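*Asks:* sharing a sequence plus its predicted fold:
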Amino acid sequence: MIKKFINYCKACFDELAHKTSWPSPKELSSSAVLVLSASLIIALIVFAMDQCFGFIMGMVYPG
């Protein structure tokens, strides 16, 4: 049982260290900017929808 776990850990390390292709710093920063931009746009859209819904509900149910 312990030997299987050790072999599993070795295989995981080998996968991460030698077989995985990691992005370059330039690719990583461009992906981060893309995700940040998309998140900001989606947040603004949700905010606008929330404001419109609140306005409409305020007109339907005054008070």
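*Replies:* Arrived safely, thanks for sending.
*Asks:* spatially central residue for the chain, please.
*Replies:* A centroid search over the chain (Cα atoms, centre = their mean) returns V35, at 7.2 Å, as the residue closest to the centre.
*Asks:* any chance you could map the helices in the chain?
*Replies:* Using DSSP state H, the helices of the chain run over 2-14, 25-60.
*Asks:* okay, the ones you listed in JSON lines with mean pLDDT next?
*Replies:* Formatted as JSON lines, the helices of the chain follow (pLDDT from 0 to 100):
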{"stretch": "helix 2-14", "mean pLDDT": "93"}
{"stretch": "helix 25-60", "mean pLDDT": "97"}
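*Asks:* where does W22 fall, phi/psi-wise?
*Replies:* Taking degrees, to the nearest 10, you get phi -90, psi 140 for the backbone angles of W22.
*Asks:* so what's it up against?
*Replies:* W22 makes contact with no residue under the criterion Cβ atoms under 8 Å, 6 or more residues apart in numbering. From N, CA and C alone the C-beta is placed, and that goes for glycine too.
*Asks:* how near is it to I56?
*Replies:* From W22 across to I56, the span is 48 Å (Cβ to Cβ, to the nearest Å).
*Asks:* do S31 as well
*Replies:* Distance, S31 to I56, by Cβ to Cβ: 38 Å.
*Asks:* same question, C12
*Replies:* Applying Cβ to Cβ, the value for C12 to I56 is 53 Å.
*Asks:* likewise for G63?
*Replies:* For G63 relative to I56 (Cβ to Cβ), the value is 15 Å.
*Asks:* the two - which one has more neighbours?
*Replies:* Shown here are G63 and I56; by other Cβ atoms under 10 Å, I56 has more neighbours (10 against 3).
*Asks:* kind regards, and thank you for your time.
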